[in-house]
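Asks: quick one, what's the 3D model for this:
(one chain, ligands or ions: 2)
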Amino acid sequence: MAFFAHQIQRSFSSSVVRNVVIKNVTIIGGGQMGAGIAQVAASTGHSVTLVDMTDDILKKAMKGIQSSLRRVVKKKFSDDPESGDDFIQKVMQNVSTNTNPAAAVTSSDLVVEAIVENMKIKQDLFGFLDKMAPEHTIFASNTSSLPISDMASATSRPDRCGGLHFFNPVPMMKLVEVVATSSTRGRFRSLNPCLVCPGHTWVHQRCVSVCHGSKEDIDIGMKLGAGYPMGPFELSDYVGLDTIKFITDGWREKEPDNPLFAPSDLLNKLVSEGKLGKKSLQGFYKYSK
Ligand SMILES: CC(=O)CC(=O)SCCNC(=O)CCNC(=O)[C@H](O)C(C)(C)COP(=O)(O)OP(=O)(O)OC[C@H]1O[C@@H](n2cnc3c(N)ncnc32)[C@H](O)[C@@H]1OP(=O)(O)O
Ligand SMILES: NC(=O)C1=CN([C@@H]2O[C@H](COP(=O)(O)OP(=O)(O)OC[C@H]3O[C@@H](n4cnc5c(N)ncnc54)[C@H](O)[C@@H]3O)[C@@H](O)[C@H]2O)C=CC1
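Replies: Ligands and ions are numbered 1, 2, ... in the order given. Modelled structure (predicted):
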């Protein structure tokens, strides 16, 4: 988890940004990714404001952070549970919540958006926050698939916009893709200038081909045969089927003839029924709370 501070501060190295000390971090979107990013930022001593649309969502996010921290301290403080409790308390004190994004960015050094995977909604958010946040504030997106430069174009600070693509579950995954744009490249140090994660096509292909084999067989085969921790259907449920659909629909718009992005009736059906995966307790599989 020390990764967060280290990674962020080393990555944003434009002349505008180089001397900014990142202390106050605002995360917009308190879903599975936003809550995880808030957790790692708070665990590394940052003062975090987590923003979402309702208090209920934020309450759920805070509960999720607390239970994830309990899992973390069980290992980290296995010999000293009291220190583990202190750690959880300190981290939780570093996180506040707000349903008003304008108020949440007034003293922010870094904003990370982790809202729905939709360009228009992300652009509207960046455009709005641009008017509210101080000049030095860096805007980052956790997008899985959308071009950062298109989001940056909605702001007056394209040289201070980038991608910070965390992986799910954030507290466990050590990889963060740092995405530069043409305005930041050279000045914005990028660890891995990967713009799009082609792994999703693989997941998508499996969705299209489920009619040729059971999902259970495919998942078990990939776990036993390829050593993956989750099979493609389990992983899709874990990521969220709405997110998977947003990603693949976006790619199809760009490359309508590419068979890799052909629509999946099964995926569309599940999403239209509100079966979004683990977060809604039903997707390809059923889950209990
Ligand atoms: C969509 C995008 O744009 C990009 C993406 O993110 S794609 C998705 C990338 N993520 C992956 O591929 C995840 C693949 N899955 C995995 O790595 C693993 O299944 C997993 C780490 C999620 C869970 O591991 P597991 O062995 O299957 O289950 P489980 O036993 O519950 O967890 C293993 C450990 O991780 C811990 N853990 C799991 N999730 C956690 C969380 N959210 N917070 C804290 N700890 C967690 C557990 O407490 C457990 O700890 P112990 O070893 O001490 O028991
Ligand atoms: N789920 C995953 O495995 C991964 C997702 N991502 C990306 O992270 C982003 C978020 O994904 P998830 O956390 O899975 O989604 P999610 O559906 O769990 O959470 C999104 C949250 O954003 C909130 N929200 C939506 N619009 C908002 C707005 N205008 N203002 C404030 N809050 C708003 C929603 O209420 C919801 O709580 C997406 O861009 C996704 O592509 C990136 C890596 C992995």
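
Asks: tell me which parts of the stretch 151-289 of the chain are close to ligand 1?
Replies: Contacts of the stretch 151-289 of the chain with ligand 1, taken as CB under 6 Å from any ligand atom, map to 167-169, 171-173, 197, 229-230, 235, 239. For every residue, glycine as well, the C-beta is placed using N, CA and C.

Asks: among those, which ones are buried?
Replies: Neighbour-count burial (16 or more other CB atoms under 10 Å) is assigned, among those, to 167-168, 171, 235, 239.

Asks: is ligand 1 within reach of the strand or helix carrying residue 74?
Replies: For residue 74, the host element (DSSP states H and E) is helix 55-76. Yes - Helix 55-76 comes into contact with ligand 1 (CB under 6 Å from any ligand atom), by way of 68, 71-72, 75.

Asks: CSV for those residues, including neighbour count and distance to ligand 2?
Replies: Shown next, in CSV, are the residues of helix 55-76 next to ligand 1 (neighbours: other CB atoms under 10 Å; distance: CB to the nearest ligand atom, whole Å):
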residue, neighbour count, distance to ligand 2
68, 19, 14
71, 12, 18
72, 19, 19
75, 8, 22
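
Asks: quick one on the thing from earlier: the residues of the stretch 151-289 of the chain next to ligand 1 also near ligand 2: which ones?
Replies: Applying CB under 6 Å from any ligand atom, the subset of these adjacent to ligand 2 comprises 167-168, 239.

Asks: related to what we said a few turns ago, so which of the residues of the stretch 151-289 of the chain next to ligand 1 is the closest to residue 289?
Replies: Ranked by distance to residue 289 (CB to CB), those are led by residue 169 at 17.0 Å.

Asks: so what's the closest one up against?
Replies: 32, 36, 68 (CB atoms under 8 Å, 6 or more residues apart in numbering).

Asks: for residue 47, same thing?
Replies: 23-25, 94.

Asks: now those residues: which count as buried?
Replies: Buried among the contacts of residue 47 (16+ other CB under 10 Å): 24-25, 94.

Asks: pretty sure residue 145 is in a strand, no?
Replies: No - Residue 145 is assigned coil when assessed by DSSP: H, G, I helix; E, B strand; the rest coil, not a strand.

Asks: if I look at residue 100, how far off is ligand 2?
Replies: Per CB to the nearest ligand atom, to the nearest Å, residue 100 is found 10 Å from ligand 2.

Asks: ramachandran angles for that residue?
Replies: Residue 100 adopts backbone torsions of phi -110, psi 100, taken as degrees, to the nearest 10.

Asks: how many other residues sit next to it?
Replies: 9 (other CB atoms under 10 Å).

Asks: now it. Nearest residue, chain neighbours left out?
Replies: Spatially, and ignoring its direct neighbours in sequence, residue 100 is nearest to residue 51 (7.6 Å; CB to CB, 6 or more residues apart in numbering).

Asks: OK, contacts around the one you found?
Replies: Contacts for residue 51 (CB under 8 Å, 6+ apart) come out as 26-30, 97-101, 104.

Asks: go again with 7 Å.
Replies: Counting by CB atoms under 7 Å, 6 or more residues apart in numbering, residue 51 touches 26-28, 98-99, 101, 104.

Asks: can you list these in TSV and add neighbour count, secondary structure and pLDDT?
Replies: Listed next are the contacts of residue 51 as TSV, based on neighbours: other CB atoms under 10 Å; DSSP: H, G, I helix; E, B strand; the rest coil; pLDDT from 0 to 100:
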residue	neighbour count	secondary structure	pLDDT
26	28	strand	98
27	32	strand	98
28	25	strand	98
98	17	strand	98
99	14	coil	98
101	22	helix	98
104	23	helix	98
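
Asks: with respect to ligand 2, which of the contacts of residue 47 is nearest?
Replies: Nearest to ligand 2 among the contacts of residue 47, counting by CB to the nearest ligand atom, is residue 25 at 15.3 Å.

Asks: which residues does the closest one bridge with?
Replies: Taking DSSP bridges as the rule, residue 25 bridges to residue 48, residue 110.

Asks: and the contacts of residue 51, which is closest to ligand 2?
Replies: Sorting those by how near they are to ligand 2, with CB to the nearest ligand atom, puts residue 28 at the top with 5.1 Å.

Asks: so the closest one makes contact with residue 122?
Replies: No - counting by CB atoms under 7 Å, residue 28 stays clear of residue 122, with 9.6 Å between them.

Asks: residue 235 falls within a helix, correct?
Replies: Yes - counting by three-state DSSP, residue 235 is part of a helix.
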